[in-house]
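Colleague: One predicted model, sequence on top.
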Amino acid sequence: MDAFSNEMILYGGILLSLISLFLGAIYAVVYCIGKHKLNIKFNSEYGEVPKKK
Amino acid sequence: MAEIIASTYEIIDRIGSGGGGIVYLANHLRLGKKVVLKADKRKLTTRAEILRREVDALKDLSHTYIPQVYDFFAEGETVYTVMDYIEGESLDQPLKRGERFTQAQVIGWACELLEALDYLHSPTHGNPPRGIVHSDIKPANIMLTPQGHICLIDFNIALALGEENVVGRSAGYASPEHYGLDFSVDTPIMNYETEVMGNGDDTVPMQPSEYSSSSKKIVVPDTRSDIYSLGATLYHLLSGTRPAKDAIYVEPLSKTEFSPLVVDIISKAMNPNPDLRYQTAAEMLFAFRHLRENDPRTKRRKRNCIIISSLLTITLLTGAFTSFVGLKRMETHQRMLTLAEYAQNSLDNGDSGLAVEYALSALPERNSIFVPPYTPEAKKALADALGVYDLEDGYKSHHMIKLPSETFKTSLSPDGKTGAAVYAFAVAVFNTETGEILATLPTVKSALADVVFVDNTTILYAGENGICAYDIQNKRELWSGKPATSIALSADGQTVATVYRDEDFALIYGIDGKEKSTVSFEGHKQHIANNDTFADPEDNLFVISADGQFLGVSFENGGLMIFDTTDSENSIEIYDESEFTHFEGGFNGQYFAFSSTTDGSSVFAVIDMAELAQVGGFDLDSRIGVVANETGIYLSNKSTVVKINPITGEQEEVAYTDSDVRRFATDTVNTIVATEKNDYVFFDKNANLTEQNNAGQTSCNFVAISGDYALIAGRDTPEIKIMKRKNYDDMDFLQYDAGYLHDEARVNSDGTRTMLFRYTDFQLYDENGSIICKIEIPDAEKVYDQQYSKKSGNLAVMYQDAFRLYSGITGEIIVDEENLKSVFYAPYGVSVLDAENTLKLYDLDSGEVLLSEKANGNYAAYCGMIVDDSFLHGGELIGAAKTEEGYLFAVKNGANCSIFDNIGKKKMEIPVSEQTEVFFTSTAAILSPLHGTPTVYSLNDGNKVADLEKDSYLTYITELDDEIVSEYVSASGERYAILLEKSSFKPTAYMSGLCDISGNELIFDYYKGKLRKTRIYSIEELIGIAKGGV
């Protein structure tokens, strides 16, 4: 870790966190889209989920 | 005319028939509602009460997907069951028409059927409580309503009736148990013969035939049989094909055409072994309801989600943790810098002990990733505080004692290891070695309060209630006496004299505290201020002779008298009264020496107490200071301190400063002088100045010196500076004639030769310090540069038109070139261009010519290539070096300096001003202007790395393994060096007097006839040294 300056470590950590948040946001969107598509598939294969009485 | 049944039901239509009877659509005449009448033609063989019970059970059934049974009656020989009319058609009808259903539809119906079955199978139904088994589930018995829901119809009343031996079965839908097959054991057991009748679509009642003699078990369809039938029904609905009659020959549904999970559910439901099917409808319903959850795609998504979420979480936590580490390191780095600054400030203020403490704090143990690398500032603070590179003998700053308020009086013990200082209104006793306060004792509330050391462990001080004798070691009062302010102790340590403020008498005590006598001042009083907090005790003289017999006292009226403490008649009046306002003096043996001062002019006199006569004296129009004790009589006047022989009047110079003496103290070996410029200066016994410093904020009103310690304090500050004498004789490695003036001292690489040189001459010594030769350098006034070669010890002397190389072993001349057009020095050799334009490169160690080539013009040098006028174009070659990669040289042209490699390719250009010299390391070029700050540039990218020392002239750059040593000459001619961190070029140690470096060894010359040697310490070693001492 001594090969890097203290500022590099700080900013590197911040960058890593931001990247992970950014990727997480992208993944969340991709996940929701995928879930919606799968639900449509399931509805066609297995039928609609009956509404709870 | 419509048929009326039981006077209640009007037959509308016949809507079906089967094995159980005929099914009519009827109208309930009273309710006006359509119902279904199922007429069963089988003879009633069951007893009426059993029949009633079963009907009641059916009538209690109430479920969305099961038609309600309303009534059950017999008319004639026909048993009628009345139930809900379900609109729609049975599922066998669309199947017969060839219609196919979607998987989603089938799953929806399966869930409804299973809900109905779960209801039916529930043990709460039936009497005694047991579930109702339908036993004939097939598409024909499932109604599809116009709303798309199903209804399970046509219960097998016989089972409900408890006739276990009557079982209906439909081929393909009936379970193996319907045929008496028991697949729950290894081989199916036929318990009774079976007979298939009908075309397979109809439910055919099966009659028991002869039992096999080997049959052991009766197999009866149970709830699991319904599961099988339901599975078979779903099979048919999905595939459009009725499953095989034999369960073991049923072809599994295609997993490519239908969802694998659905196929698995149906396959499990249709397992020939009832133990391997779903055991309950609820179980099978659960499987259908959780298709989505159990779908591999859902599971895959979940798995991926977990993996990706975990990775992102780990990344986020790693990022957060890394940020935290970075932040903590920055915080720690800043704290290190601050503590290093505190350390440097403490050192500048003279408190090296505190400086070491701060520096150690700035270098915390590197036991975690939160601690960044040590800062060069902290390293420098520690190295300077420890003084490991200061090998000059003399008094060095040791501690700073901070009192609660300004100092009134100071004193040092005879061995110098203990000090005492009076302030308002206490006396602090402290250890001069450690700086620790040993005791704080209350004094009389007067600025005249005095403190005197009896010996190393006992003090006399003007206590709150009177004079006190205090044992420092045992921390206890030895004795106390009457009130006192001024105290005088005889040199023999046996008699104590005290006076209290302006009382007109003194008290004489023995050292044991016993009052011996009272000395009357005959009405005279010592000088005090109206508020004696502001009194200056130094104006008064109150001294006692070595044997305690005589007491010298000055008075406010300018009087000065010597009293005989044993005989009041034997007193001497020196002045009755006078204009004098300030008196100094004391007893030296039988002599009383004193000075009296008024308006800047003084009178000095020596009285022989044995003869009672003045034996010497003089007056001056400047202040005379006097210190007289058993070591001698010392005078100060203007900038001189002398020791005067009371008998002969001979004066011996003790100290000479560059400004008027304010105070001085001496222990006969060393003398400390405080000047009016607020300097404090040390002199050795030969009156040589050994150390001079400015006291800065501390006014030098009090000085004391004893043993290895000296003390400086001021009346206007609460700080007391403690100095300690250091001696480094054990680091001597060569002695030379201290009278030989020289500029440099260098040692060759194997340590066998030491050369001291200057432009005019040099001296060569062997390793034993014996002089080998003294050589004068000819035309010294024309010499413009001298360079020493470490390896051989040879000395290169450069002139504008000549070059001489002297042997570092013998001092003989090796090369003598004259009438040259140009001479250029580089560490790898000296280039000379002779009159014939032959360029020669001389090796500095062997003196051999390494290269001889023709060159053009009037200037040429070898820098990996010939650099002559044609290359320089009017520029000036200002430096060259040979690195691992090749040669580098610097050319100044106008306001720019260009760095070239050995093929003449320009690597970088840097702006420069005026005359500049260039030094090279493996990674940097250092441009040193004649009147400016040397600047370091990276050889990689040409960017500025650092500025070096300001206001001094850079003379050498030496690259070591981990450090760079930069050597300077200050404006005052002092030679010193600064150790630099190799990566940042930031200072890590100050080295005054450094003259040479040999490997890891540092050689120091303080121009006092000795060369001293030490080595470079690693930071870990410095920390170890500091901790060992703290």
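Modeller: Received it, and whenever you're ready, just let me know what you need. Numbering: from 1, shown residues only, chains lettered A, B, ... in the order given.

Colleague: who in chain A is up against chain B?
Modeller: A:1-2, A:6-21, A:23-24, A:27, A:31, A:34-35, A:38, A:41-50 (CB under 8 Å from any CB of the partner chain). For glycine as for every other residue, the C-beta is placed from the backbone atoms N, C-alpha and C.

Colleague: ok, whichever residue of the stretch 701-850 of chain B sits closest to chain A - contacts?
Modeller: Per CB to the nearest CB, B:Pro827 is where the stretch 701-850 of chain B lies closest to chain A, at 31.5 Å. Neighbouring residues of B:Pro827 by CB atoms under 8 Å, 6 or more residues apart in numbering or on different chains: B:881-882.

Colleague: care to break chain B down by domain?
Modeller: With automatic domain parsing as the criterion, the domains of chain B are listed as B:1-85, B:98-153+B:169-292, B:299-386, B:487-726, B:875-947.

Colleague: Excluding sequence neighbours, find me the nearest residue to B:Ser490.
Modeller: Nearest residue to B:Ser490 in three dimensions, chain neighbours excluded: B:Gly548, at 3.8 Å (CB to CB, 6 or more residues apart in numbering or on different chains).

Colleague: Need the three-state assignment for that neighbour.
Modeller: Under DSSP: H, G, I helix; E, B strand; the rest coil, B:Gly548 falls in the coil class.

Colleague: if we can go back for a sec, what about the residues of chain A next to chain B, which are in helices?
Modeller: A:6-21, A:23-24, A:27, A:31, A:34-35, A:38, A:41-46 (DSSP state H).

Colleague: hmm, which of those are the buried ones?
Modeller: Neighbour-count burial (16 or more other CB atoms under 10 Å in any protein chain shown) applied to those gives A:6, A:9-10, A:12-14, A:16-17, A:20, A:24, A:27, A:31, A:42, A:45-46.

Colleague: What ranges in the chain fall below the confidence cut-off?
Modeller: No chain was given, so I picked chain A. Along chain A, the parts satisfying pLDDT under 70 run over A:50, A:52-53.

Colleague: sorry, should have said chain B
Modeller: In chain B, residues with pLDDT under 70: B:1, B:18-20, B:41-55, B:57, B:124-130, B:155-168, B:185-218, B:529-537, B:1029-1030.

Colleague: which bits of it sit near chain A?
Modeller: Going by CB under 8 Å from any CB, the residues of chain B near chain A are B:103-105, B:107-108, B:111, B:259, B:262, B:291-292, B:295, B:297-298, B:301, B:305, B:308-309, B:312-313, B:315-316, B:318-327, B:329-330, B:333, B:369, B:372-373.

Colleague: for the buried ones among the ones in helices among the residues of chain A next to chain B, which one is nearest B:Pro929?
Modeller: Relative to B:Pro929, the closest of those is A:Asn6; by CB to CB it sits at 33.6 Å.

Colleague: give me the number of residues near B:Leu620?
Modeller: Residues lying near B:Leu620 (other CB atoms under 10 Å in any protein chain shown) number 16.

Colleague: thought it was touching B:Asn637?
Modeller: Yes - the criterion here is CB atoms under 8 Å, and B:Leu620 meets it with B:Asn637 at 6.1 Å.

Colleague: shared neighbours of the two, anything?
Modeller: Going by CB under 8 Å, 6+ apart, residues that sit against B:Leu620 and also against B:Asn637 are B:Ser602.

Colleague: sorry, back to before: how many neighbours does the residue nearest to B:Ser490 have?
Modeller: Neighbour number of B:Gly548 under other CB under 10 Å is 24.

Colleague: Can you tell me how far it is from B:Gly481?
Modeller: Taking CB to CB, to the nearest Å as the measure, B:Gly548 falls 15 Å from B:Gly481.

Colleague: residue closest to the middle of chain B?
Modeller: B:Val371 (2.1 Å; CA atoms, centre = their mean).

Colleague: what residues are up against that residue?
Modeller: Going by CB under 8 Å, 6+ apart, B:Val371 touches B:329, B:332, B:364-365.

Colleague: mind redoing it with 6 Å?
Modeller: Neighbouring residues of B:Val371 by CB atoms under 6 Å, 6 or more residues apart in numbering or on different chains: B:332, B:364.

Colleague: With B:Thr8 instead?
Modeller: The contact partners of B:Thr8, by CB under 6 Å, 6+ apart, come to B:Leu29.

Colleague: which phi and psi does it have?
Modeller: When read as degrees, to the nearest 10, the backbone of B:Thr8 gives phi -130, psi -30.

Colleague: And the one 4 residues further on, by the same measure?
Modeller: The main-chain torsion angles of B:Ile12 are listed as degrees, to the nearest 10 and equal phi -100, psi -50.

Colleague: isn't it right up against B:Leu25?
Modeller: Yes - in this structure, B:Ile12 is within contact of B:Leu25 by CB atoms under 6 Å, at 4.6 Å.

Colleague: before we move on, back to that, how about CSV for the domains of chain B, with distance to B:Asn856 added?
Modeller: Putting those into CSV (distance: least, CB to CB, whole Å) gives the following:
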stretch, distance to B:Asn856
domain B:1-85, 114
domain B:98-153+B:169-292, 91
domain B:299-386, 47
domain B:487-726, 55
domain B:875-947, 14
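
Colleague: what's the closest of these to B:Asn456?
Modeller: Each of these has some distance to B:Asn456 by CB to CB; the shortest is domain B:487-726, at 9.5 Å.

Colleague: That closest one: end-to-end distance?
Modeller: Start to finish, the residues bounding domain B:487-726 are 33 Å apart (CA to CA, to the nearest Å).

Colleague: got the contact list for the residue most central in space within chain A?
Modeller: Closest residue to the average C-alpha location of chain A: A:Tyr27 at 2.6 Å, with CA atoms, centre = their mean. By CB under 6 Å, 6+ apart, the contact set of A:Tyr27 is B:Ile308.
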